[in-house]
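K.L.:
I would like to see how this sequence folds:
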Amino acid sequence: MRIDMVSEHAGPLAAVGGVDAGGQNVHVAALALALAERGHEVVVHTRRDTADTPDTVPMAPGVTVEHVPAGPPVPLPKDDLLPYMPAFGEHL
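P.N.:
Have a look, this model is predicted:
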């Protein structure tokens, strides 16, 4: 099965302990990995927060992270992301 996960602010590749990077990032990563281990193909869509991040990054066998261009490619507090969600949705 192909599974697309949407995690607008909690990218599974984020360094835990940074601003707005913690439990949800860990949960998204663990869930994506668990689904892939069961034979599914998983794509996690998360907002691009650095200009030099590739469009897609293989995370593990069966898991790819897609960085969605929505808003400026800089780290933003999750509470400031609402204005960029229409662009996020249009990209999807």
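
K.L.:
could you give the separation of stretch 74-83 from the chain centroid?
P.N.:
Chain-centre distance of stretch 74-83: 14 Å, with CA atoms, centre = their mean, to the nearest Å.

K.L.:
pull out the buried residues from that stretch.
P.N.:
Buried residues in stretch 74-83, defined by neighbour count with 16 or more other CB atoms under 10 Å: 76, 81. For glycine as for every other residue, the C-beta is placed from the backbone atoms N, C-alpha and C.

K.L.:
ends of that stretch, how far apart?
P.N.:
Using CA to CA, to the nearest Å, the end-to-end distance of stretch 74-83 comes out at 14 Å.

K.L.:
avg pLDDT for it?
P.N.:
Per-residue pLDDT over stretch 74-83 has a mean of 92.

K.L.:
quick one: low-confidence residue ranges for the protein.
P.N.:
For the chain, applying pLDDT under 70 flags the ranges 15-22.

K.L.:
which stretches in it count as helices?
P.N.:
23-37, 85-91 (DSSP state H).

K.L.:
so which bits of the last one are buried?
P.N.:
Along helix 85-91, these residues count as buried under the neighbour rule (16+ other CB under 10 Å): residue 88.

K.L.:
how far out from the middle of the chain is it?
P.N.:
14 Å.

K.L.:
give me the contacts around it.
P.N.:
8, 45, 47, 68-71 (CB atoms under 8 Å, 6 or more residues apart in numbering).

K.L.:
straight-line length of stretch 38-56, end to end?
P.N.:
OK, stretch 38-56 end separation, CA to CA: 22 Å.

K.L.:
contacts for that stretch, please.
P.N.:
Contacts of stretch 38-56 (CB under 8 Å, 6+ apart): 1-12, 28, 32, 35-36, 59, 62-71, 73-76, 81, 84, 88, 92.

K.L.:
brilliant, that's me finished.
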